[in-house]
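> Make a model of this:
(4 chains)
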There are 2 protein chains.
Amino acid sequence: MSVHGLKLAPPDCGDCPIRHRAVCSRCDGPELARLEEMKYYRSFEAGQNVVWSGDRMDFVASVVSGIASLTQTMEDGRRQMVGLLLPSDFVGRPGRGVAPYDVTATTDLVMCCFRRKPFEEMMVTTPHVAQRLLEMTLDELDAAREWMLLLGRKTAREKIASLLAILARRDTGLKAKAAKGPISFDLPLTREEMADYLGLTLETVSRQMNALKRDGVVELAERRRIVVPNFDRLAEETGDDSDGGFLS
Amino acid sequence: MSVHGLKLAPPDCGDCPIRHRAVCSRCDGPELARLEEMKYYRSFEAGQNVVWSGDRMDFVASVVSGIASLTQTMEDGRRQMVGLLLPSDFVGRPGRGVAPYDVTATTDLVMCCFRRKPFEEMMVTTPHVAQRLLEMTLDELDAAREWMLLLGRKTAREKIASLLAILARRDTGLKAKAAKGPISFDLPLTREEMADYLGLTLETVSRQMNALKRDGVVELAERRRIVVPNFDRLAEETGDDSDGGFLS
DNA sequence: GGGCGCATTTGATCCTGATCAAGGCAATCA
DNA sequence: TGATTGCCTTGATCAGGATCAAATGCGCCC
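Here you go, the predicted model:
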């Protein structure tokens, strides 16, 4: 599953996703030990900034728990979120020392970090890592391009439905679509954050959320609690092809 | 320079960009020879389709000359271009055999292709290739995210100005911004293609192009010939930070 | 309990860009 | 030469979402 390339860590993963995402699936042995030595953790509170656009960024990292967001800001304050980082997602770029966008902790956040230089050196001697990162980056690129379709061509209602469908799928694993029963999950974003992600204003987000509620597509029990009684019904509202995409 | 990650091949490159982009900068020797053996060329006429979304895609390729576009289409026909491939750009994904979007020749096009399986096998034994592809993919991801800001938050006028600025820079090399004199270039896209790229309608594209002309920002000599008398003036219209981005 | 701050909802109005509809222009072809 | 076609421009109108403004609800702290 993916929200901008964020894929869930397999359920049997240990505490440090980079092990599994970037390395474990392909190799064992000394590389793992080297990664283990290099890693360190950083925690952030909800709302706290991780790095600002333009800052030096001398580490790469993997999200352990919580959600981080990537946003771009224009001079006059217009903001566009360009990615959400969920647990097991990777952030930072081997080979570049400057952050291209703001990274912010949307919820309380723990990241597993590696200093950039030694990580880059390890990449040279451990080809599996580069290959794994390439796969992950290609997934993110696909997700970003899917988001471009949403931003450029979908209506406000379709945008909201698409976001809710993605979050619903994520919280119930890959088989959400097959699930017949109702799905419920917590919304990790404020209306404003949703707006920044969808290229809308917070007022429009609020109105369309309530429109979907009026039409019985979702139920808003508490402010941040969403119940989707019928996932297929929600999926119809997204404007996407009904088949839900190709599975590799 | 980059239009969705399309970087110009360095001027001293030979005829097959993949050599230079994916391999040459880092290594010489037998890998080059193997790539040379594997490659073959395919040509397409302007307007011709290269692959449809959902097709099997058993090759990866690099653009030699011409321009290809990547587009996504919704069931009801709404279209969003999600990338332009310029010479030296890479298309196709090691590890996946199905195309995620339509690829179309926007102009006459020549691509340098490699069958996917042997290319993947070579990646395993030649780590430089994966590393180079990772760099290229990260560049594309950044470009896609920049485009998300454009699609989500810019006005129609800013969108047009941004596209023209990118094309103007591309046609004059990296130093366009420094160039004091007028810049002129051919527009490789129809109004409709521009609209699909920018998330607008072709009528709005036409109107805003003429508005920029009225305001003296650009001159439209012939239909497809653009003259930018003062690049800085155009850059002001894009809404982007004046510094034009960080250079690594 | 009262007051404050924040997220959200709701309402009224405005405006940008979409939509619908002609018309122009240049290249190609009969 | 006139007809056709593709691409672009222009005009009139419409509507979806933005903007401005106010109210509501909720948690929190004193």
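
> So residue A:194 is in contact with residue A:206, correct?
No: Residue A:194 lies out of contact with residue A:206 (CB atoms under 8 Å); the separation is 9.2 Å. For the C-beta atoms, the positions are set from N, CA and C on the backbone; glycine is no exception.

> Quickly list what the residue lying closest to residue A:219 once chain neighbours are set aside is bridged to.
Excluding its sequence neighbours, the residue lying closest to residue A:219 (CB to CB, 6 or more residues apart in numbering or on different chains) is residue A:227, at 4.1 Å. Assessed by DSSP bridges, residue A:227 has beta-bridge partners residue A:184, residue A:219.

> What of residue A:112?
Where residue A:112 sits in a bridge, its partners, by DSSP bridges, are residue A:41, residue A:62.

> From chain B, how far out is it?
20 Å (CB to the nearest CB, to the nearest Å).

> same check, this time on residue A:230
Residue A:230 is 20 Å from chain B, by CB to the nearest CB.

> what about that residue, how many neighbours?
15 (other CB atoms under 10 Å in any protein chain shown).

> check contacts around it.
residue A:182 (CB atoms under 8 Å, 6 or more residues apart in numbering or on different chains).

> Please apply the same query to residue A:210.
Applying CB under 8 Å, 6+ apart, the residues near residue A:210 are residue A:220.

> That one falls within a strand, correct?
No: judged by DSSP: H, G, I helix; E, B strand; the rest coil, residue A:210 forms no part of a strand; its state is helix.

> is it true that the residue nearest to residue A:219 touches residue A:182?
Yes: with contact defined as CB under 8 Å, residue A:227 reaches residue A:182; the gap is 5.7 Å.

> what about residue A:61, neighbour count?
28.

> again, but for residue A:215
Neighbour tally, residue A:215, other CB under 10 Å: 11.

> distance of it from residue B:79?
Distance, residue A:215 to residue B:79, by CB to CB, to the nearest Å: 27 Å.

> which residue ranges form the helices in chain A?
Along chain A, the segments classed as helices by DSSP state H run A:17-18, A:30-38, A:116-125, A:127-153, A:156-172, A:191-198, A:202-214, A:231-236.

> for chain A, which spans come out with low pLDDT?
A:1-33, A:173-179, A:242-248 (pLDDT under 70).

> mind giving me the domain ranges of it?
A:17-142, A:154-236 (automatic domain parsing).

> close to DNA strand D, is the longest one?
No: judged by CB under 7 Å from any atom of the strand, domain A:17-142 and DNA strand D are separated, with a smallest distance of 8.2 Å.

> So that domain, near DNA strand C or not?
No: counting by CB under 7 Å from any atom of the strand, DNA strand C is not contacted by domain A:17-142; separation bottoms out at 7.8 Å.

> Show the contacting residues for the closest residue to DNA strand D within chain A.
Closest approach between chain A and DNA strand D, counting by CB to the nearest atom of the strand: residue A:204, at 3.1 Å. Residue A:204 makes contacts with A:156, A:195, as judged by CB under 8 Å, 6+ apart.

> Please repeat the previous calculation with a cut-off of 7 Å.
residue A:156 (CB atoms under 7 Å, 6 or more residues apart in numbering or on different chains).

> how many neighbours does the residue nearest to residue A:219 have?
Neighbours of residue A:227 (other CB under 10 Å): 14.

> gap between it and residue A:189?
Taken as CB to CB, the span from residue A:227 to residue A:189 is 17 Å.

> just residue A:133 next, same as before
With CB to CB as the criterion, residue A:133 and residue A:189 are 27 Å apart.

> Those two: which is more packed in?
Taking other CB under 10 Å, residue A:133 and residue A:189 do not tie; residue A:133 has more neighbours (24 against 21).

> how near is that one to residue A:62?
11 Å.

> residues shared between the contacts of these two?
Common neighbours of residue A:133 and residue A:62 (CB under 7 Å, 6+ apart) are residue A:90.

> who's in contact with the nearest residue to residue A:146 once chain neighbours are set aside?
Distances taken as CB to CB, 6+ apart put residue B:72 closest to residue A:146, at 7.3 Å, once the chain neighbours are dropped. Applying CB under 7 Å, 6+ apart, we find residue B:72 in contact with A:145, A:149, B:80, B:82, B:101.

> Please name the bridge partners of residue B:72.
residue B:80.

> Show me just the buried residues among the contacts of residue B:72.
A:145, A:149, B:80, B:82, B:101 (16 or more other CB atoms under 10 Å in any protein chain shown).

> will you turn the domains of chain A into TSV that also has distance to residue B:108?
Shown next, in TSV, are the domains of chain A (distance: least, CB to CB, whole Å):
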stretch	distance to residue B:108
domain A:17-142	26
domain A:154-236	33
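
> of the ones you listed, which approaches residue B:55 most closely?
domain A:17-142 (15.6 Å; CB to CB).

> Spatially nearest residue to residue A:218 (excluding sequence neighbours)?
residue A:212 (5.1 Å).

> What degree of burial does the one you found show, as a neighbour count?
22.

> Surely it and residue A:160 touch.
Yes: at 6.4 Å, residue A:212 counts as touching residue A:160 under the criterion of CB atoms under 7 Å.

> Tell me, how many residues neighbour residue A:203?
Residues near residue A:203, counting by other CB under 10 Å: 10.

> Check the gap between it and DNA strand C for me.
4 Å (CB to the nearest atom of the strand, to the nearest Å).

> Same check on residue A:35?
37 Å.

> cool, and residue A:206?
Note on residue A:206: its distance to DNA strand C, by CB to the nearest atom of the strand, is 3 Å.

> isn't that residue right next to residue A:191, touching?
Yes: between residue A:206 and residue A:191 a contact is recorded at 5.5 Å, counting by CB under 7 Å.

> From the buried ones among the contacts of residue B:72, pick the one nearest DNA strand C.
Of those, the one sitting nearest to DNA strand C (CB to the nearest atom of the strand) turns out to be residue B:80, at 11.4 Å.

> which residues does the closest residue to residue A:208 other than its chain neighbours contact?
Distances taken as CB to CB, 6+ apart place residue A:160 nearest to residue A:208, at 4.6 Å, with adjacent residues excluded. The contact partners of residue A:160, by CB under 7 Å, 6+ apart, come to A:198, A:205, A:208-209, A:212.

> repeat for residue A:149
Residue A:149 neighbours (CB under 7 Å, 6+ apart): B:72, B:80, B:82.

> Go ahead and confirm the last one touches residue B:100.
Pointing back at residue B:82 there. No: the pair residue B:82 / residue B:100 is not scored as a contact, 9.3 Å apart, by CB under 7 Å.

> count of neighbours near residue A:202?
Residue A:202: 14 neighbours (other CB under 10 Å).

> What residues does it make contact with?
A:191-192, A:195.

> Filter the residues you listed down to the buried ones and hand me the ChimeraX line.
Buried residues within the contacts of residue A:202, by 16+ other CB under 10 Å, are selected in ChimeraX with:
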select /A:191,195
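
> Could you list which of the contacts of residue A:202 also contact DNA strand C?
A:191-192.

> right, and out of the contacts of residue A:202, which lies closest to chain B?
Nearest to chain B among the contacts of residue A:202, counting by CB to the nearest CB, is residue A:195 at 9.8 Å.

> any idea how far residue B:124 is from the closest one?
44 Å.

> Does stretch A:43-61 reach chain B?
Yes: judged by CB under 7 Å from any CB of the partner chain, stretch A:43-61 and chain B are in contact via residue A:54.
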